[in-house]
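K.L.:
Any chance you can model this:
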Amino acid sequence: ALAQHGAAEGRGARREVTLPGGRRVTLIDESYNANPVSMAAAIALLGSAKPRGKGRRIAALGEMLELGPQGPALHAGLAEALVAAKTDRLYVAGRLMSHLWDAVPEAMRARAADAASSLVGPLLGDLVDGDIVMVKGSNASRISEIARALTTAEDKPPAAKAAMQQ
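P.N.:
Numbering: from 1, shown residues only. As a prediction, this is how the structure comes out:
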């Protein structure tokens, strides 16, 4: 019975998504919650994933909240894990994520924003066939908006589009 049960939305679910233009990407949805240990584990998971073709490893990260005065250092401390995971592109949302942004190599930096919703358009426009996108952050950071945007942008087969319009 357990073999038939998959990961829940926001809790490690993997999904292959075909975007308009035929770009196929893998979404790793870890968007439900985050702390330093779970964030490092999710980044390691991204590092173990193998992109297809010219695909890249992309991390879309929201703030880890309720960490107290050590929050800035704990965010910056994720840089080492991202480098070790051979992360190609980094998108970050939230004020605390600025500490991580400053700590990662410049070549990894894709986009930083105050709100996760501001990352959706740039991320969708940046994706290429074969990319793997891991989304992770505290639930209150609303980083799940990125995972939802990827699945709702999915290019539906013509029959499914026609059924949705009726």
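K.L.:
from the chain's centre, how far out does the helix or strand hosting Gly121 sit?
P.N.:
Remark: Gly121 resides in helix 120-126, with elements defined by DSSP states H and E. Here the centre of helix 120-126 is set off from its chain's centre by 12 Å, with CA atoms, centre = their mean, to the nearest Å.
K.L.:
Contacts for the helix or strand that contains Arg148, please.
P.N.:
In this assignment (DSSP H and E), Arg148 forms part of helix 144-152. Residues outside helix 144-152 that contact it (CB atoms under 8 Å, 6 or more residues apart in numbering): 9-10, 15, 17, 19, 25, 27, 29, 31-32, 60, 91, 116-117, 119-120, 123-124, 133, 135. In this view, the C-beta of every residue, glycine as well, is placed from N, C-alpha and C.
K.L.:
avg pLDDT for that helix?
P.N.:
The predicted model assigns helix 144-152 a mean pLDDT of 92.
K.L.:
same deal with stretch 121-134?
P.N.:
Stretch 121-134 shows an average pLDDT of 96 in the prediction.
K.L.:
Name the residue closest to the centre of the chain, please.
P.N.:
Nearest residue to the geometric centre of the chain (CA atoms, centre = their mean): Val135, 2.3 Å.
K.L.:
That residue pairs with what?
P.N.:
Asp29, Ala60 (DSSP bridges).
K.L.:
and it, what does it touch?
P.N.:
Contacts of Val135 (CB under 8 Å, 6+ apart): Leu27, Ile28, Asp29, Glu30, Ser31, Ala60, Leu61, Ile143, Ser144, Ile146, Ala147, Leu150.
K.L.:
can I assume the third one is in contact with Arg15?
P.N.:
Yes - look at Asp29 against Arg15 with CB atoms under 8 Å: they come within range, at 7.0 Å.
K.L.:
More neighbours: those two, which one.
P.N.:
Applying other CB atoms under 10 Å to Asp29 and Arg15 shows that Asp29 carries more neighbours, namely 25 against 16.
K.L.:
Hmm, Leu61 is touching Ala40, no?
P.N.:
No - judged on CB under 8 Å, Leu61 makes no contact with Ala40 at a distance of 11.5 Å.
K.L.:
Now the common contact residues for the two.
P.N.:
Common neighbours of Leu61 and Ala40 (criterion: CB under 8 Å, 6+ apart): Leu78.
K.L.:
higher neighbour count, the two?
P.N.:
Leu61 (32 against 17).
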